[in-house]
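Chemist: With the sequence up front, the predicted model follows.
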Protein chains: 2
Amino acid sequence: MTTFKAPVRDIDFVLNEVLDYQAHYKTIAAGAEATPDMVEAITAEAAKFAEEVLSPLNKVGDEEGCTWNDSEVTTPTGFKEAYQMWIDGGWQGLSHPTEYGGQGLPMSLGLIKSELIGTANWSWGMYPGLSLGAMNTLIVHGTEEQKAQYMPKLCEGTWTGTMCLTEAHCGSDLGQMKSKAELQEDGSYKLTGSKIFISAGEHDLTENIIHIVLARTPGAPEGTKGISLFIVPKVKVNDDGSLGERNSVKCGSIEHKMGIHGNSTCVINFDDATGYLLGKENEGLNAMFTFMNTARIGTAIQGLAASELAYQNALPYAMDRYSMRSLSGTKNPDKPGDAIIHHPDVRRMLLTAKAFAEGGRAMIYDAAKYSDHMVQAETQAERDAAENELGFLTPILKAFLTETGLESASNAMQVFGGHGYIKEHGMEQIYRDARIATLYEGTTGIQAMDLIGRKVVLDGFKLYGGFCKKLYKFGFKSLIGGKRRGYSAKLIGYTLAWNWHTVKMVARASKNRDAVGAASYDFLMYSGYLSMAYYWARMAEVAATKLASGEGDTAFYQAKLETAEFYFSRLLPRAKAHGGSMGSSTESVMGMDLERFTVR
Amino acid sequence: MTTFKAPVRDIDFVLNEVLDYQAHYKTIAAGAEATPDMVEAITAEAAKFAEEVLSPLNKVGDEEGCTWNDSEVTTPTGFKEAYQMWIDGGWQGLSHPTEYGGQGLPMSLGLIKSELIGTANWSWGMYPGLSLGAMNTLIVHGTEEQKAQYMPKLCEGTWTGTMCLTEAHCGSDLGQMKSKAELQEDGSYKLTGSKIFISAGEHDLTENIIHIVLARTPGAPEGTKGISLFIVPKVKVNDDGSLGERNSVKCGSIEHKMGIHGNSTCVINFDDATGYLLGKENEGLNAMFTFMNTARIGTAIQGLAASELAYQNALPYAMDRYSMRSLSGTKNPDKPGDAIIHHPDVRRMLLTAKAFAEGGRAMIYDAAKYSDHMVQAETQAERDAAENELGFLTPILKAFLTETGLESASNAMQVFGGHGYIKEHGMEQIYRDARIATLYEGTTGIQAMDLIGRKVVLDGFKLYGGFCKKLYKFGFKSLIGGKRRGYSAKLIGYTLAWNWHTVKMVARASKNRDAVGAASYDFLMYSGYLSMAYYWARMAEVAATKLASGEGDTAFYQAKLETAEFYFSRLLPRAKAHGGSMGSSTESVMGMDLERFTVR
């Protein structure tokens, strides 16, 4: 069974010592409440809930899974009780407006909460997590009446929400969607269709579930331009807010999956179900991006969570398993062998997970500032600018951190040797649960195309340029006056090489547009390693400064510097491989005719 | 559900066009029987059995798993019937001496058989596969009486054998083993102890199971020098070969694992069980290496099998799933989107699996020549030389091909998008089944230390030098007269860089012996990418020559060249990352004090 300890010191380090969140909170209205004491208290309470309530349910969720019985879904033992504690704690509305019963705190605080919850028990965390996506979509696109009708219960957590996008024949390509919505005389719609892969689509945690559904109205334009968004409650809501009759929305089955067994992945059938237009007709896909961005950052957290949980659970095993003698001399003379943490390759695996977890935390927390501004900045221009910046970082965070999370989870299994493959230790569960993260909310390949296509090439390299400028600025500044000049030089060197590879890719793309796709994965992974290098350089700078000033907590800062050294020495060089691959001809990927793929 | 089609054309290409197996078979006595017709017939029959009998049982095995009931183990539906067909077909003794009822064919033919069986259904293949390990150990170390008593039934397949090494507290470090064996007046031994992770340790396929067990005699030296090997039959065997009374060997439980559910992973308890010394007292560990080498090559095949099966099953999905339009122009105008194989990143994932499968096949088949010589060469000197050469290649094959097999399996899931995570498609089963391969028979880390420590440094770089010489020789020869000079140049360049990294590593090791361990994983992975590059260069040379000569089969050779191009452009550059990491300071891995690993 896995255990979880909230890394509160590290959270504090990133928030306050590296990213100066208190200064950031002064720039948004919601930040006034987010005093250091408040942030600390919320982190501590979320930590306690995650450690004591959710972590022990992680294995139960995996073993029992959800059960489906004639459209009803039963969640694993203990999930419902934990969810009631969640409601009682007022957690769901933490970052939502006080007028709907929320606490009106910054979005960034919600992400920290999500990290702690999700690291302890990802499957459980998806129930309130998906609901956040629905809430964010409603807040931005709903009418005042719609918000008044649904938001209070959603903020309270007594209802949850879902997002219903995928159909069996289309996931990434939503333009192929077939679900229909027909206008009724009373202004409502009747929805018909079948959606799949609806996480938390049906469960026994709440009395109602508010589905946000993508569908087409009759005569709507083909493709993505003819998609509208609808609110379809499982149980209809009367004007006074009380529950009415059951809507014709049914869970047709749940999927049997590799992992995240504790979360129900549902087929949801709409059979002339009553729904209400959300936002404008035929503008559903754009509205959907509100949700997608939330969900993608949420999934990036799943990658960080996998690295953190994997590291935490492999570490004690590496400390307590005695096998072989260290080549550099006996370390545990009273034991039959040395603790395996003394073997370099075991350290390599542990430090990889540690570097990805702590580096990923810094990446996400810094991006979370944009999510605060996107929602709570004063002017529309500021909000738009923040949304653009976050839009650039989102595919990097989502794809890179989930890929590295998988690697961490696999490494942690590997530390256990054959025991890692056995269910009782929980290590293989971490991997299986994390494996979904590179698939849902847009695969790594989709993120890679979103980044290089939409966010770089179609953007005319503006956001890309700004990103590079940020890296160069820090790099050159710390090269002159910093304490870790070697890292500054590497940061500059790798950014320069990235620019050069990008230029060459663009040149190739002028001849063959597939050059963009052929380079996309390597471009994304390069950007991930580079971006993480920037944060490791910043963290190392802070740690070195603190150490030099003799402010105490020496072991913590020393560990930061050592992990940074590992990152720059052993992980960053992988960007070279991605650069090499990115620099290859488009033909090397696209040259083969279809029939030549055949197995013979 | 996955399907499997034996890649017989590719097997033929590697055996005959690249590696000239017919010339090789002229160098061993057993080769006389292995005529082209015989090889083709055996491949075709094994292919048929794998495709028609074993492949359909792959999903059944995963879903049902094995069941344990008071020391008895029931295998999944259909496994027993398939095993009877295996016996009837005379498959088990294919490469074993005719005097025991085997067919006396070369070991290499047995590996091809293992590949086909294992790709179709790895869990099933482990039952006869583990038995081969026991048979090989018996043949080398058994007395004439022992061989006469056990080999005929093992060759026939009516009995199987196992290898009992691991105990709960020790796997890699067998010196810590505690099982005891006490000499009795009749010359037999009484064994007491508990072994874990015994694959195929108990099942319902055969009437008897012959366990080969590692244990200590009273007063034996500590550590690995006091380990002896014993034959412990599940049912005792009378002098006339008939079955006697049940021995006190019991299966205490079976493990619940991430995958390979169809194979029983057993706790085997010996409670004053009757056993017989195999080989000399206290020389059990050396004798064990006979088995380990067989098992490690067998596990390398599991990596190749994962790449092959993953590729085969992702390909049709990529051809038939229509999503988004190709950036370089519409490819399927009559469909709502283009087949996803037209998207570069999907091709990247497919070609990665294809390159690893075909490259891995060439690597294993060439190494199999040494296994033929090791067993069947005329002189002891030739046999020893072959064993040394194979010993050098074994950790590379085992670790590199299982790691790349996992990547292929993960890529193939990724091609399916979210559907890859759902059990019904079988893609996640390929991954779960393959995941054990980097753990058992020595983890990747253990292989890496075996390679760099024992096979390179302690060997005084002789085998390493020979390996490099082979690469340079081909590289320079083809650089002058070959058809793919770019590959020759790359092969030479990457070998030179590897030598340079090795020299630096040795220099560091003179100051700190942990330098060897710190570089071990990257050294191994580099050697793997380099070794596969050598085979891709050779295959490309053959394919280019055949194409130039207009010998027909153009599509096959063209596909080879395109896959080679993908390998050199997109996969080989990863060696640079491993070189970079290998070149880092030992401190970057070993610098952190234990207490600083603590999560805070």
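Modeler: Ah, there it is.
Chemist: Can you classify residue A:592 as helix, strand or coil?
Modeler: coil (DSSP: H, G, I helix; E, B strand; the rest coil).
Chemist: So for it, what's the nearest residue that isn't a sequence neighbour?
Modeler: residue B:562 (4.4 Å; C-beta to C-beta, 6 or more residues apart in numbering or on different chains). Using the backbone N, CA and C atoms, a C-beta is placed for each residue, glycine as well.
Chemist: got it, and residue A:260?
Modeler: residue A:123 (4.7 Å).
Chemist: ok, the residue nearest to residue A:592 - contacts?
Modeler: Residues near residue B:562 by C-beta atoms under 8 Å, 6 or more residues apart in numbering or on different chains: A:591-592, A:596.
Chemist: Buried ones only from the residues you listed, please, as a PyMOL command.
Modeler: Entered in PyMOL, the line below selects the buried ones among these, by 16 or more other C-beta atoms under 10 Å in any protein chain shown:
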select buried, chain A and resi 591+592+596
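Chemist: so after the strand or helix carrying the residue nearest to residue A:592, what's the next helix or strand?
Modeler: Using DSSP states H and E, the element containing residue B:562 is helix B:554-566. Going down the chain from helix B:554-566, the next helix or strand is helix B:574-582, by DSSP H and E.
Chemist: how big is the angle separating that following helix from helix A:554-566?
Modeler: Computed with axes from the mean of the first three to the mean of the last three C-alpha atoms, to 10 degrees, the direction of helix B:574-582 lies at 140 degrees from that of helix A:554-566.
Chemist: what does helix B:574-582 contact?
Modeler: For helix B:574-582, contacts defined as C-beta under 8 Å, 6+ apart pick out A:569-571, A:573-577, A:580-581, B:494, B:497-498, B:501, B:505, B:519, B:522-523, B:525-526, B:529-530, B:533.
Chemist: again, 7 Å this time
Modeler: Here helix B:574-582 makes contact (C-beta atoms under 7 Å, 6 or more residues apart in numbering or on different chains) with A:569-570, A:573-574, A:576-577, A:580, B:494, B:497, B:501, B:505, B:519, B:522-523, B:525-526, B:529-530.
Chemist: what's the answer for stretch A:6-26, then?
Modeler: Residues from elsewhere that reach stretch A:6-26 (C-beta under 7 Å, 6+ apart): A:31, A:34, A:36, A:39, A:43-44, A:47, A:50-51, A:106, A:112, A:116, A:308, A:358, A:361-362, A:365-366, A:369, A:538-539, A:542, A:556, B:599-600.
Chemist: Model confidence score at residue A:568, please.
Modeler: Confidence at residue A:568, expressed as pLDDT, is 98.
Chemist: burial of it, as a residue count?
Modeler: 23 (other C-beta atoms under 10 Å in any protein chain shown).
Chemist: which ones are touching it?
Modeler: A:487, A:490, A:533, A:536.
Chemist: repeat for residue A:319
Modeler: When contacts are counted by C-beta under 7 Å, 6+ apart, residue A:319 touches A:339, A:341.
Chemist: What about it? Give its phi and psi, please.
Modeler: Per-residue torsions, residue A:319: phi -80, psi -30 (degrees, to the nearest 10).
Chemist: Residue A:442 now?
Modeler: Torsion angles at residue A:442 (phi, psi; degrees, to the nearest 10) stand at phi 90, psi 120.
Chemist: Could you do residue A:277 as well?
Modeler: In terms of degrees, to the nearest 10, the main-chain angles of residue A:277 are phi -60, psi 130.
Chemist: So it sits against residue A:228, correct?
Modeler: Yes - in this structure, residue A:277 is within contact of residue A:228 by C-beta atoms under 7 Å, at 6.3 Å.
Chemist: How is chain A divided into domains?
Modeler: A:56-89+A:121-282, A:287-444, A:449-589 (automatic domain parsing).
Chemist: Return the most buried member of those domains.
Modeler: domain A:287-444 (a mean of 23; mean count of other C-beta atoms under 10 Å in any protein chain shown).
Chemist: from the chain's centre, how far out does it sit?
Modeler: Mean-position distance between domain A:287-444 and its chain equals 11 Å (C-alpha atoms, centre = their mean, to the nearest Å).
Chemist: where along the stretch 1-150 of chain A do the strands fall?
Modeler: Remark: strands assigned in the stretch 1-150 of chain A by DSSP state E, counting those that start in this stretch are A:67-69, A:72-74.
Chemist: of those strands, which approaches residue A:134 most closely?
Modeler: Proximity to residue A:134, assessed across the strands of the stretch 1-150 of chain A by C-beta to C-beta, is greatest for strand A:72-74 (17.6 Å).
Chemist: Look up how far residue B:468 lies from residue A:360.
Modeler: 39 Å (C-beta to C-beta, to the nearest Å).
Chemist: phi, psi of residue A:265?
Modeler: With angles defined as degrees, to the nearest 10, residue A:265 sits at phi -110, psi 110.
Chemist: do you know how far it is from chain B?
Modeler: Look at residue A:265 and chain B: by C-beta to the nearest C-beta, to the nearest Å, they are 8 Å apart.
Chemist: How about that residue, nearest residue that isn't a chain neighbour?
Modeler: residue A:255 is the one closest to residue A:265 (C-beta to C-beta, 6+ apart), at 4.2 Å.
Chemist: contacting residues around the nearest residue to residue A:512 once chain neighbours are set aside?
Modeler: Spatial nearest neighbour of residue A:512, excluding adjacent residues (C-beta to C-beta, 6+ apart): residue A:586 at 5.0 Å. Counting by C-beta under 7 Å, 6+ apart, residue A:586 touches A:508, A:512, A:514-515, A:518.
Chemist: Check what pLDDT residue A:586 gets.
Modeler: Looking at residue A:586, the pLDDT reads 96.
Chemist: just residue A:288 next, same as before
Modeler: 84.
Chemist: Now name the helix or strand holding it.
Modeler: Going by DSSP H and E, residue A:288 is part of helix A:284-320.
Chemist: same thing with residue A:194?
Modeler: Using DSSP H and E, the element containing residue A:194 is strand A:189-199.
Chemist: now residue A:268
Modeler: Residue A:268 belongs to strand A:265-278, assigned by DSSP H and E.
Chemist: Other residues contacting that strand?
Modeler: By C-beta under 7 Å, 6+ apart, strand A:265-278 touches A:141-142, A:146, A:164, A:179, A:181, A:188-199, A:201-202, A:211-213, A:228-232, A:236, A:247-255, A:257, A:287.
Chemist: okay, the angle between that strand and strand A:189-199?
Modeler: 140 degrees.
Chemist: ok, strand A:265-278: who's next to it in the sheet?
Modeler: Partners of strand A:265-278 in the sheet, by DSSP bridges, are strand A:189-199 (antiparallel), strand A:228-233 (antiparallel), strand A:249-254 (antiparallel).
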